[in-house]
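Student: Predicted model and sequence below, questions to follow.
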Amino acid sequence: MKDTAVDMVVVEGERHTAVLLSGEMDLLSAPSVRDRLRDLVSVRPLVIDVSGVSFFDAEGLRIVAATARRGLECGTGIALVGMRPFAEKMFRILRMDEEVPLCASAQEALWCLLPPTDEEISDWLRR
């Protein structure tokens, strides 16, 4: 069996954390990814960019579900960006998209996760 890994880049924003993932979300990569995402979502909302993830197996889906549950417990949350078509189809079939927003952009994900400030609303209205 080949060795699989997920590369993770974490970028702290002003009111959220962005996580960029690449590789394969599977049984072999699950423990380190699950633990790190759980730690991150315990503190702040996560925007998780999965556009670099080439494969999700059942364990990869469980990682996302567990992270979402932890976010709910902590009052934070997660939103996914860049989901590939097959993985998106699986999320929708399993109705995971009812708990985890699948967003077209990081900006959309932030609108799903963070209550906008008055300044952000004013800026948006001026556009």
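Tutor: Structure received.
Student: pretty sure Thr76 belongs to a strand, no?
Tutor: No. Assigned with DSSP: H, G, I helix; E, B strand; the rest coil, Thr76 falls outside any strand and is coil.
Student: thought it was touching Val41?
Tutor: Yes. Applying Cβ atoms under 8 Å, one finds Thr76 in contact with Val41, separated by 5.3 Å. C-beta here means a position set from N, CA and C on the backbone, and glycine is covered the same way.
Student: Looking at the two, which one has more neighbours?
Tutor: Neighbour comparison, Thr76 and Val41: the larger count goes to Val41, with 25 against 21 (by other Cβ atoms under 10 Å).
Student: show me where this structure has helices.
Tutor: Using DSSP state H, the helices of the chain run over 30-41, 58-74, 85-93, 106-113, 118-126.
Student: Would you mind giving those helices as JSON lines with distance to Asp49 and mean pLDDT added?
Tutor: Converted to JSON lines, the helices of the chain look like this (distance: least, Cβ to Cβ, whole Å; pLDDT from 0 to 100):
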{"stretch": "helix 30-41", "distance to Asp49": "13", "mean pLDDT": "91"}
{"stretch": "helix 58-74", "distance to Asp49": "13", "mean pLDDT": "93"}
{"stretch": "helix 85-93", "distance to Asp49": "13", "mean pLDDT": "92"}
{"stretch": "helix 106-113", "distance to Asp49": "7", "mean pLDDT": "91"}
{"stretch": "helix 118-126", "distance to Asp49": "21", "mean pLDDT": "78"}
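Student: and Ala5, which of those is closest to it?
Tutor: helix 30-41 (8.4 Å; Cβ to Cβ).
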